[in-house]
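In: Let's see this in three dimensions:
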Amino acid sequence: MRAAGDGGLGPDYDRFVQASAASRRPPAASPQRWYRSLYWRIAIAFILTLAAVLIVQATLFVWVLSRGGPTLPGQPERFAQTVAVDVGDALRADPSTDLAAYINDQYSRDAHPFFVMLVDGRVFANFPGPYPEPLLRGARARLQRGLPFDRDRFRRGPGPGGRGRGFGPGGPPPDGPPPPPPPEPIMVGDQLAGVVVVLPRAPFWFLLRRYAPTLAFVAAAALAAGAVAAALLTFGPPRRRLRSVEEAARRLGSGDLSARAPVRGGDEVAAMASTFNAMADDLAARANALAAADRARRQLLADVSHELTTPVTAMRGYLETLAMPELALDEETRARYLTIVGDETARLERLIGDLLDLAKLESGGGAFVVEDVPIADLFDRVAARHERDAAEGGVSIVSRVEPGAESVRGDRGRLEQALQNLAANALRFAPRGSSIELRARSTPGGLTVTVGDQGPGIPEEHLPHIFDRFYKGDAARTQTGGSGLGLSIVKAIVERHGGTIAVESRPGRTVFEISL
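Out: Numbers count the residues shown, from 1 in each chain. From the prediction side, this is the model:
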């Protein structure tokens with residue numbers, strides 16, 4: 001029965017912990033403006049980049065088309081005849097017709113660039129200038145000769161060494177631009193009013209104006225398709241996955257230690273989610289460790305309070321009895337009371353000493369003098385220390401040091417303390433006529449020291465807890481009057497030496513094994 005309750009710090013401490021947890025909660029996220037969103041910025045940058053690429057590609061397409069050979073489909077000669085007839089009919093109907101407005105109105109969207117040169121030298125075209133000078137010279141020359149009109153001669157020139165009427169001296173160069181269609185005469189009645197010349201290669205701005213609507217439509221469709229594809233395939237899934245990580249982080253910050261982000265794929269978002277989950281696992285482990293440490297602290301306070309209160313209560317009771325003047329005690333009773341007080345005082349001193357030792361060992365305090373310690377000397381001191389108790393209990397202590405295990409590096413005093421505690425623990429449970437064995441053997445990893453007894457063994461359900469402080473799950477162990485700190489001190493000493501301790505137990509055989 002414990003005298004100190006559960007060892008808690010009271011409701012004030014609990015309220016403080018709750019207030020601290022509440023203060024660490026992240027503030028509620030404020031609504032985010034769309035233009036501050038990283039997704040929108042990336043999407044807008046993507047669309048603008050795609051638009052710029054499309055514009056550059058369309059411009060380069062038109063430029064390359066304007067620098068190449070024949071650039072327009074159809075039959076330029078037939079088109080020239082159609083224009084010549086149309087313009088001739090317009091002039092016949094109204095000699096004062098504004099040909100510039102007429103051509104712009106009728107042929108501004110036509111597929112072939114052309115110009116009309118009248119006999120008076122005026123030039124009208126369906127594209128902005130400048131006009132190719134060789135074609136202008138050829139048209140003037142043909143107008144000067146008047147009728148009859150020989151298209152074939154204009155196309156081929158007068159022969160070797162002659163002048164090509166449309167190209168200047170020498171005719172068209174062999175690797176130059178393609179020959180233009182021959183000038184088509186514009187006839188008003190029986191009079192030559194002018195000629196129509198169709199350009200063999202469309203100028204850049206003509207092509208750009210001609211293809212601008214189509215290119216704009218294609219670009220708009222490509223932008224729309226690109227935006228939809230980017231939203232569905234590029235930005236949508238990462239945005240949803242980042243949202244899930246954000247939601248998991250918010251839940252974790254609110255105290256839900258089970259919050260985890262879904263990990264899908266092998267990209268950077270998945271790596272971030274994995275890192276977040278690892279952090280959450282670490283925080284959960286730390287929180288669980290802190291909770292366990294807090295429970296252990298509360299339990300330790302309760303156990304220490306109980307263990308200290310028991311001898312103090314007994315001492316106070318006997319001392320109060322001895323101090324009563326009206327109570328006459330004989331000398332034998334008085335001596336027995338004083339002996340009990342002395343025993344409880346010694347018990348209290350041992351408990352306080354064990355607590356101090358354990359606190360120093362677990363906190364890393366206390367100086368360790370590391371040296372070569374002979375194992376045989378340790379065993380001899382243990383046997384000498386417990387010789388009387390062993391003789392009274394009818395128990396023998398035997399020791400064996402195998403070859404290669406003659407010495408160990410460590411602190412002599414602390415190693416002896418660990419073995420003394422294990423030997424004392426074994427003596428409590430060793431039956432009369434049995435033996436306690438101290439054995440040392442060499443192992444590949446160093447040295448192993450065992451302390452075994454032939455007692456009733458430790459129940460299996462108690463084995464995981466026997467190194468816990470103040471643990472007294474075994475009724476026999478409780479009856480022996482131990483403080484419950486001996487095995488905890490042994491474990492702390494072994495771990496300070498960089499070693500481990502384990503126990504195996506069954507009825508009739510219990511062995512503690514120290515590996516150094």
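In: what domains does the record give for the chain?
Out: 76-200, 260-366, 368-515 (automatic domain parsing).
In: Which of those sits closest to Thr59?
Out: Of all the domains of the chain, domain 76-200 sits nearest to Thr59, with 17.3 Å by Cβ to Cβ. (Glycine included, C-beta is placed from N, CA and C.)
In: helices and strands of this structure: which one bottoms out on pLDDT?
Out: Of all regular secondary-structure elements in the chain, judged by mean pLDDT, DSSP states H and E, the least confident is strand 163-164 with a mean of 41.
In: Do you have the strands of this structure handy? List them.
Out: 114-118, 123-125, 163-164, 168-169, 184-188, 191-198, 370-374, 396-401, 407-411, 435-443, 446-453, 500-506, 509-515 (DSSP state E).
In: Ok, which of those strands comes nearest Gly353?
Out: For the strands of the chain, proximity to Gly353 was assessed by Cβ to Cβ; strand 407-411 is nearest, at 17.3 Å.
In: and the angle from the closest one to strand 370-374?
Out: Calculated by axes from the mean of the first three to the mean of the last three Cα atoms, to 10 degrees, strand 407-411 forms an angle of 140 degrees with strand 370-374.
In: What mean pLDDT does stretch 486-495 get?
Out: In this model, stretch 486-495 has a mean pLDDT of 84.
In: List the buried residues of that stretch.
Out: Gly486, Leu487, Ser488, Ile489, Val490, Lys491, Ala492, Ile493, Val494 (16 or more other Cβ atoms under 10 Å).
In: Now the first one: closest residue in space that isn't a chain neighbour?
Out: Leaving aside its chain neighbours, Gly486 sits nearest to Asn421 (4.3 Å; criterion: Cβ to Cβ, 6 or more residues apart in numbering).
In: returning to what we had before: just send the domains of the chain back as a markdown table, with distance to Arg240 too.
Out: As requested, the domains of the chain are exported to a markdown table (distance: least, Cβ to Cβ, whole Å):
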| stretch | distance to Arg240 |
| --- | --- |
| domain 76-200 | 48 |
| domain 260-366 | 10 |
| domain 368-515 | 45 |
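In: wait, which of the ones you listed is closest to Ser244?
Out: Nearest to Ser244 among those is domain 260-366 (5.5 Å), distances taken as Cβ to Cβ.
In: how far out from the middle of the chain is the closest one?
Out: 41 Å (Cα atoms, centre = their mean, to the nearest Å).
In: can you check stretch 382-393 too?
Out: 62 Å.
In: what number of residues lie near Thr443?
Out: Neighbour count of Thr443, defined by other Cβ atoms under 10 Å: 11.
In: let me redo that: Arg142
Out: 23.
In: residues near the closest residue to it other than its chain neighbours, how many?
Out: Of all residues not flanking Arg142 in the chain, Pro183 sits nearest, at 5.2 Å (Cβ to Cβ, 6+ apart). Per other Cβ under 10 Å, the neighbour tally for Pro183 reads 26.
In: Backbone dihedrals for Pro183, both of them.
Out: Backbone dihedrals for Pro183, given as degrees, to the nearest 10, come out at phi -60, psi 140.
In: That one contacts Val196, correct?
Out: Yes - Pro183 lies in contact with Val196 (Cβ atoms under 8 Å); the separation is 6.7 Å.
In: on that earlier part again, for the residue nearest to Gly486, give me its contacts.
Out: Neighbouring residues of Asn421 by Cβ atoms under 8 Å, 6 or more residues apart in numbering: Gly486, Leu487, Ile489, Val490.
In: Repeat that for Val119.
Out: By Cβ under 8 Å, 6+ apart, the contact set of Val119 is Leu143, Leu192, Ala193, Gly194.
In: Report pLDDT for Thr110.
Out: You called it Thr, but residue 110 is Asp. On the pLDDT scale, Asp110 gets 65.
In: mind checking pLDDT for the residue of the chain most remote from its centre?
Out: Taking Cα atoms, centre = their mean, the residue of the chain most remote from its mean C-alpha position is Asp190, at 88.0 Å. In this prediction, Asp190 carries a pLDDT score of 85.
In: ok, Arg469 - how many residues close by?
Out: 22.
In: do you know how far the residue nearest to it when sequence neighbours are not counted is from Phe512?
Out: Distances taken as Cβ to Cβ, 6+ apart put Ser488 closest to Arg469, at 4.7 Å, once the chain neighbours are dropped. Ser488 sits 13 Å away from Phe512, going by Cβ to Cβ, to the nearest Å.
In: need the helices for the stretch 301-450 of the chain, in chain order.
Out: Assigned by DSSP state H, counting those that start in this stretch, the stretch 301-450 of the chain shows helices spanning 331-362, 375-385, 387-393, 412-429.
In: can I get the strands of the chain in CSV with distance to Thr321?
Out: Formatted as CSV, these follow (distance: least, Cβ to Cβ, whole Å):
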stretch, distance to Thr321
strand 114-118, 135
strand 123-125, 134
strand 163-164, 145
strand 168-169, 143
strand 184-188, 143
strand 191-198, 136
strand 370-374, 48
strand 396-401, 41
strand 407-411, 45
strand 435-443, 40
strand 446-453, 40
strand 500-506, 43
strand 509-515, 41
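In: Now do stretch 114-133: distance to the chain's middle.
Out: On Cα atoms, centre = their mean, the centre of stretch 114-133 falls 69 Å from the chain's centre.
In: Pull out the buried residues from it.
Out: Residues of stretch 114-133 classed as buried: Phe114, Phe115, Val116, Met117, Leu118, Val123, Phe124, Ala125, Asn126, Phe127, Tyr131, Pro132 (neighbour count, 16+ other Cβ under 10 Å).
In: go on, stretch 279-298?
Out: Ala280, Ala284.
In: With stretch 431-450 instead?
Out: Buried-residue list, stretch 431-450, by 16+ other Cβ under 10 Å: Ser434, Ile436, Glu437, Leu438, Arg439, Ala440, Leu447, Thr448, Val449, Thr450.
In: check contacts around the fifth one.
Out: For Arg439, the contact set (Cβ under 8 Å, 6+ apart) comprises Ser399, Arg400, Val401, Glu402, Val449, Thr450, Gly452.
In: Out of these, which is nearest to Gly508?
Out: Among those, and counting by Cβ to Cβ, the member closest to Gly508 is Gly452, at 10.7 Å.
In: Surely that closest one touches Ser434?
Out: No - in terms of Cβ under 8 Å, Gly452 does not count as a neighbour of Ser434; the distance is 10.2 Å.
In: can I get the buried residues of stretch 431-450 in CSV with distance to Arg241 and pLDDT?
Out: Below are the buried residues of stretch 431-450 laid out as CSV (distance: Cβ to Cβ, whole Å; pLDDT from 0 to 100):
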residue, distance to Arg241, pLDDT
Ser434, 67, 89
Ile436, 64, 89
Glu437, 63, 91
Leu438, 62, 91
Arg439, 60, 91
Ala440, 59, 91
Leu447, 54, 90
Thr448, 52, 90
Val449, 56, 91
Thr450, 56, 90
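In: Mind putting those residues into a markdown table with distance to Gly410?
Out: Below are these laid out as a markdown table (distance: Cβ to Cβ, whole Å):
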| residue | distance to Gly410 |
| --- | --- |
| Ser434 | 29 |
| Ile436 | 22 |
| Glu437 | 21 |
| Leu438 | 16 |
| Arg439 | 17 |
| Ala440 | 13 |
| Leu447 | 10 |
| Thr448 | 14 |
| Val449 | 11 |
| Thr450 | 16 |
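In: Just among the contacts of Arg439, which is most surrounded?
Out: For these, neighbours tallied by other Cβ under 10 Å; top is Val449, 26 neighbours.
In: one step back: how close does the residue nearest to Arg142 get to Glu133?
Out: Distance of Pro183 to Glu133, computed by Cβ to Cβ: 15 Å.
In: for the residue nearest to Ser108 when sequence neighbours are not counted, what are its contacts?
Out: For Ser108, ignoring the flanking residues on the chain, the nearest one in space by Cβ to Cβ, 6+ apart is Asn126 at 5.7 Å. Going by Cβ under 8 Å, 6+ apart, Asn126 touches Ile103, Asn104, Tyr107, Ser108, Asp110, Pro113, Phe114, Phe115.
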